[in-house]
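A.B. asks: coords please:
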Amino acid sequence: MNHAQVAGRVREQIARFSGIFSPRFSKPQVRFIEQMLFGLAAAQDVKLSAISRRLGERIELKKTEERLSHHLQAPGLGRAVNEVLAQQAASRVKRDTLLVLDISDISKPYARRMPYLATVRDGDTGRLGPGYWTCMAVACEPQSRRVIPLHQRLWSAQAPDFVSENAELLDVIGTLQKELQGRGIYVMDRGGDRGELLNHLLDNGLRFIVRLVGDRALRFANRYRSAEELARDCPMHYAETVIKEEAGQERRMHVEYGLRRVQLPGRAEPLALVVVRGFGEKPLLLLTNVAVSDSRRSLWFIVEGYLTRWLVEEAIRFIKQSYRLEDMRVLCYERLRNLAALVMAAAYFTAIWLGESLKLAVLATRVAQVARRFFGVPDFHYYALADGVARLLSRLPWKRHPPTSPTTATQLLLFSPG
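C.D. replies: All right, here's what the predicted structure looks like:
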């Protein structure tokens, strides 16, 4: 199959993919979503000028950009896109599928005119500066880099409708909870142990693995003690060896882990505090309501579940970097929020929607090598796919294809679940 044929098939699949949005949007809106997905995939860029240029319409570039900007301002577009993505992914999320929530930033150090710029901590430099916060949710199986993009939400603490960061995170969890029917295990890093979040998860019967800070108070043996204190004398009955990859070198790490049965203050639910030593000076503290026994296999499932959250960080970077998410320049808050969700839809198309045979054809334009390690930053296969799709679509302009109903569209998973 030559490049022109592959490019044509990719374009056709974008048209089919846009069909999943038909029940929630009007025909002009579905057409807009299709154009945005094509432009994002072809340009690997969130700037409307770059997307407009890739569409290659026979009108002034300015007119194309103005039309896209007009549609991008539609209230609630981003929320609806996120809901459709979660609906589409629901059949692939099983009972023990991990739902990784990642709070990140979009740093805009040189922006002056962008709306409601708030103070964020740049994840790359650690410095405070202007920007926006995001929460990205992806699904994956334990010890797997193969992610399913689910949701991306952007917010600013300076926006008039902002209530709190907890409210934003609960909105993400609420969307996933509704569409996934309670399946999956929510995995969160530091910040996920806030009382409001834990209470919501427990009240709704949602399972979780959350990293605790050391001063979190827990009830153990009818006494309240800090998590750090409980970890200090926790018996380490089990041990494993994992491989850490740094600068092309492998380093074996010996980790030990054990269990404490605990409860949160004011709550009766039995919880487990899994203590892991060996990743740093301080122990790793994992709180979970997943049913565990004091056995190697059961406890390692919890440890492995959290380590998978580190494993998929490269996939999360892919979504941000492959579409230059931090280069957003629209001067309307609603457009910013909607654009963040559309980037997630483009990532879903690349990672999940493309058929297996088409994926292989795309990868033939760029070879990827994937390392199977818990740590390290290999040449990631999603980067290769995104680059391959962009290279193919750059050879032809967008052309309108009638959206195909999702009930009749032929789909093949890019990666099989698990």
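A.B. asks: so Phe21 touches Phe32, yeah?
C.D. replies: No. If you go by CB atoms under 8 Å, Phe21 and Phe32 don't touch, sitting 9.8 Å apart. All C-beta spots, glycine's among them, are computed from the backbone N, C-alpha and C.
A.B. asks: identify the contacts common to the two.
C.D. replies: Counting by CB atoms under 8 Å, 6 or more residues apart in numbering, no residue touches both Phe21 and Phe32.
A.B. asks: tell me which residues of stretch 113-128 are tucked away?
C.D. replies: Buried positions in stretch 113-128, judged by neighbour count with 16 or more other CB atoms under 10 Å: Met114, Pro115, Leu117, Ala118, Val120, Asp122.
A.B. asks: that one: end-to-end distance?
C.D. replies: Distance across stretch 113-128, first residue to last, is 18 Å (CA to CA, to the nearest Å).
A.B. asks: check stretch 274-290 too.
C.D. replies: End to end - CA to CA - stretch 274-290 spans 11 Å.
A.B. asks: quick one: mean pLDDT over it.
C.D. replies: Average pLDDT, stretch 274-290: 94.
A.B. asks: okay, buried residues for that stretch please.
C.D. replies: 274-278, 283-290.
A.B. asks: likewise for stretch 327-347?
C.D. replies: Buried residues in stretch 327-347 (16+ other CB under 10 Å): 328, 330, 333-347.
A.B. asks: tell me how far it lies from the chain's centre.
C.D. replies: Stretch 327-347 sits 15 Å away from the centroid of its parent chain (CA atoms, centre = their mean, to the nearest Å).
A.B. asks: again with stretch 232-252
C.D. replies: Centre to centre, stretch against its chain (CA atoms, centre = their mean), the figure for stretch 232-252 is 26 Å.
A.B. asks: now that stretch: buried residues?
C.D. replies: Buried, per 16+ other CB under 10 Å, within stretch 232-252: Cys234, Met236, Tyr238, Glu240, Val242.
A.B. asks: ok, now stretch 191-203?
C.D. replies: Buried-residue list, stretch 191-203, by 16+ other CB under 10 Å: Gly192, Asp193, Arg194, Leu197, Leu198, His200, Leu201, Leu202.
A.B. asks: the chain: strands as residue ranges?
C.D. replies: Under the criterion DSSP state E, the chain carries strands at the ranges 98-107, 118-121, 128-140, 148-155, 185-188, 207-211, 217-220, 223-226, 238-246, 249-262, 271-277, 284-288.
A.B. asks: so which of the ones you listed gets nearest Gly39?
C.D. replies: strand 148-155 (17.5 Å; CB to CB).
A.B. asks: what residue ranges in the stretch 1-150 of the chain score low on pLDDT?
C.D. replies: 1 (pLDDT under 70).
A.B. asks: the stretch 151-300 of the chain too?
C.D. replies: In the stretch 151-300 of the chain (pLDDT under 70), the answer is 244-249.
A.B. asks: among the buried residues of stretch 327-347, which ones are in helices?
C.D. replies: 333-347 (DSSP state H).
A.B. asks: now Pro130: closest residue in space, sequence neighbours ignored.
C.D. replies: Closest residue to Pro130 apart from its sequence neighbours, by CB to CB, 6 or more residues apart in numbering: Leu117 at 4.1 Å.
A.B. asks: so what's the nearest residue to Glu240 once chain neighbours are set aside up against?
C.D. replies: Setting aside the residues directly before and after it, Glu240 is nearest to Val255 in space (CB to CB, 6+ apart), at 5.6 Å. If you count contacts by CB under 8 Å, 6+ apart, Val255 has them with Ala239, Glu240, Thr241, Val242, Val276, Arg277, Gly278, Phe279, Val303.
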